[in-house]
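Colleague: Build me a model from this:
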Amino acid sequence: MLEKSFKLKEHGVTVKGELAAGLTTFMTMAYILAVNPQILSVTGMNAGGVLIATALSSAIACICMAFWANLPFALAPGMGLNAYFAYTVVLYMGYPWEFALFAVFVEGVIFIVLSLTNVREAIFDAIPLTLKHAVGAGIGLFIAFIGLQNSGLVQGGPTLVELVPFKDTMDGVGLLALLTLIGVLIIGVLSYKKVRGSLLIGMFAVWIVGIILQAVGLYVPNPEAGLFSLYPSWGLPDFAGFGSIAGKAFSPVVFQNFNIPDFLIIMFSFLFVDIFDTLGTLIGVADKADMLDKDGKLPRIKGALMADAVGTVVGAVAGTSTVTTYVESAAGVAEGGRTGLTALTTGILFLLAIILSPIFISIPSFATSAALIYVGFLMLSSILKVDFNDISEALPAYVALFAMPFFYSISHGIMFGIIFYVLINLISGQFKKISPLMYILALAFILKFAFLG
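Modeller: A predicted model of the protein is given here:
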């Protein structure tokens, strides 16, 4: 049955390998089960309910990806989009969280329509192959930066970001940051030795080291300082809390003092970021996995885009922000995942997370960060495919590369890359290189930054 559904032999993979890849992907993105409730709860939403909504919508979207596209990409509520939902729409603009959920729902419906009409597929195909390579490398830097942040290796300071002071914090933040570096080293050595499951083994190994350090008293938990116990925990899911937010996207409070211009701005902001975060992730991860054909197109992309769109609609109904394809899928791909069985495994683990959520949440960030930093290294190699002797190709690629980590947005990296690609080739007189859709995209992005920010 698995062979028939996922064509494992055709892709040169095994069930065991795909299951390991799915578990690896899940472990690197399990943090969303803890982070998403933390962010959305500032709006007044029940945190336990948001956790269940996060796990449920992620599971359904991953399962759709598995069977509709047979691709190893996982989905979950997107970081950045959840912050916009909570801090901009609700806290800054003053709208109730039900209103924000309704905007996400409408955005998801429009997303489904765009997927059915091939608009998103056409956008994917229109992006030049050079930019696709740059996006893959840019995503590598982006997820490495996420790993550096989550581990505490970098922190804010006079230079915006700086290295954690190891000497002053070796009983806490600095110790966990050091464990991240040890994790990267373990994964690197195992990968060099060609050990299957090196990412997974590395994450578990460094987690065990952390547990030992806590057991002997070298690491002392201090929740007030953000230093939590490294021991796995247990508890019960908050189904009552889930009931308090599920279906509230259609609550009467949504339409009280409904402001159409504000709603359109909010909804299209969600839509813009969702479209290009998803396309960026698909481009970058697929390029690294050599899934793009000779023309830079991704076979079965329609199913992938539809899974993303349906995930967003399901998420809004369940009670969470926009669901999108996750860049952490690169961890599973690096582990050898090539089919929908990887995505299916991740989806099933998200379902299990509803019951076992306290255990999954207890996976420490220093363990997952080690994997993210290493995967960032693997993805960076995509930039070697860019012809740096051709400035009209290399400069837009460079802009896309640095924009993703420094602007902290995959979508902004793509947007700036496309704008620069069109402008430099237009001004240089290389009109034939630019497709009509690229002109439209560049203009749309310029207007987006001018009027939507």
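Colleague: can you map out the helices along the stretch 201-350 of the chain?
Modeller: Remark: helices assigned in the stretch 201-350 of the chain by DSSP state H, counting those that start in this stretch are 239-243, 260-288, 301-318, 329-334, 340-361.
Colleague: Among those helices, which comes closest to Ala137?
Modeller: Closest to Ala137 of the helices of the stretch 201-350 of the chain is helix 260-288 (C-beta to C-beta; 7.9 Å). Yep, even glycine has a C-beta here, placed from its N, CA and C like the rest.
Colleague: Can you list the buried residues in that closest one?
Modeller: Going by neighbour count (16 or more other C-beta atoms under 10 Å), the buried part of helix 260-288 is 262-263, 265-288.
Colleague: quick one, domains of this protein?
Modeller: Using automatic domain parsing, the domain ranges for the chain come out as 2-147+232-362, 385-451.
Colleague: now, of those, which is deepest in the fold?
Modeller: Highest mean neighbour count among these (mean count of other C-beta atoms under 10 Å): domain 2-147+232-362, with a mean of 22.
Colleague: Thr345 and Leu19 touch, don't they?
Modeller: Yes - if you go by C-beta atoms under 8 Å, Thr345 and Leu19 touch, sitting 5.2 Å apart.
Colleague: any idea of the pLDDT on Met170?
Modeller: The score at Met170 is 69. That number is its pLDDT.
Colleague: List the contacts of the closest residue in space to Glu18 that isn't next to it in sequence.
Modeller: Distance criterion C-beta to C-beta, 6 or more residues apart in numbering; nearest residue to Glu18, sequence neighbours excluded, is Leu341 at 3.9 Å. Residues counted as contacts of Leu341 (C-beta atoms under 8 Å, 6 or more residues apart in numbering) are 2, 5-6, 8, 13, 15, 18-19, 22, 66, 72.
Colleague: With Val422 instead?
Modeller: Shown in contact with Val422 (C-beta under 8 Å, 6+ apart): 434, 438-439, 441-442.
Colleague: I figured Phe268 was touching Phe451, is that so?
Modeller: No - counting by C-beta under 8 Å, Phe268 stays clear of Phe451, with 10.0 Å between them.
Colleague: Quick one: mean pLDDT for stretch 336-344?
Modeller: 94.
Colleague: Can you give me the end-to-end span of it?
Modeller: The first and final residues of stretch 336-344 sit 15 Å from each other (C-alpha to C-alpha, to the nearest Å).
Colleague: Show me where the stretch 351-453 of the chain dips below the pLDDT cut-off.
Modeller: Residues of the stretch 351-453 of the chain that meet the criterion pLDDT under 70 lie in 357-362, 453.
Colleague: ranges for the helices of it?
Modeller: So, for the stretch 351-453 of the chain - with DSSP H, counting those that start in this stretch - the helices run 365-380, 391-406, 410-427, 436-451.
Colleague: between the longest one and helix 436-451, how many degrees?
Modeller: Read that as helix 410-427. 120 degrees (axes from the mean of the first three to the mean of the last three C-alpha atoms, to 10 degrees).
Colleague: Alpha carbons only: can I get helix 410-427 in PDB?
Modeller: What follows is helix 410-427, C-alpha atoms only, in PDB (Å, rounded to 0.1, in the frame of the first residue of the first chain):
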ATOM      1  CA  ILE A 410      11.400  34.600   3.200                       C
ATOM      2  CA  SER A 411       8.700  36.500   1.300                       C
ATOM      3  CA  HIS A 412      10.600  39.800   1.500                       C
ATOM      4  CA  GLY A 413      13.700  38.000   0.100                       C
ATOM      5  CA  ILE A 414      11.800  36.800  -2.900                       C
ATOM      6  CA  MET A 415      10.100  40.200  -3.400                       C
ATOM      7  CA  PHE A 416      13.400  42.200  -3.300                       C
ATOM      8  CA  GLY A 417      15.100  39.600  -5.500                       C
ATOM      9  CA  ILE A 418      12.400  39.800  -8.200                       C
ATOM     10  CA  ILE A 419      12.300  43.600  -8.000                       C
ATOM     11  CA  PHE A 420      16.100  43.800  -8.500                       C
ATOM     12  CA  TYR A 421      16.100  41.200 -11.300                       C
ATOM     13  CA  VAL A 422      13.500  43.100 -13.300                       C
ATOM     14  CA  LEU A 423      15.100  46.500 -12.700                       C
ATOM     15  CA  ILE A 424      18.700  45.600 -13.500                       C
ATOM     16  CA  ASN A 425      17.800  43.700 -16.600                       C
ATOM     17  CA  LEU A 426      15.300  46.300 -17.800                       C
ATOM     18  CA  ILE A 427      17.800  49.200 -17.300                       C
END
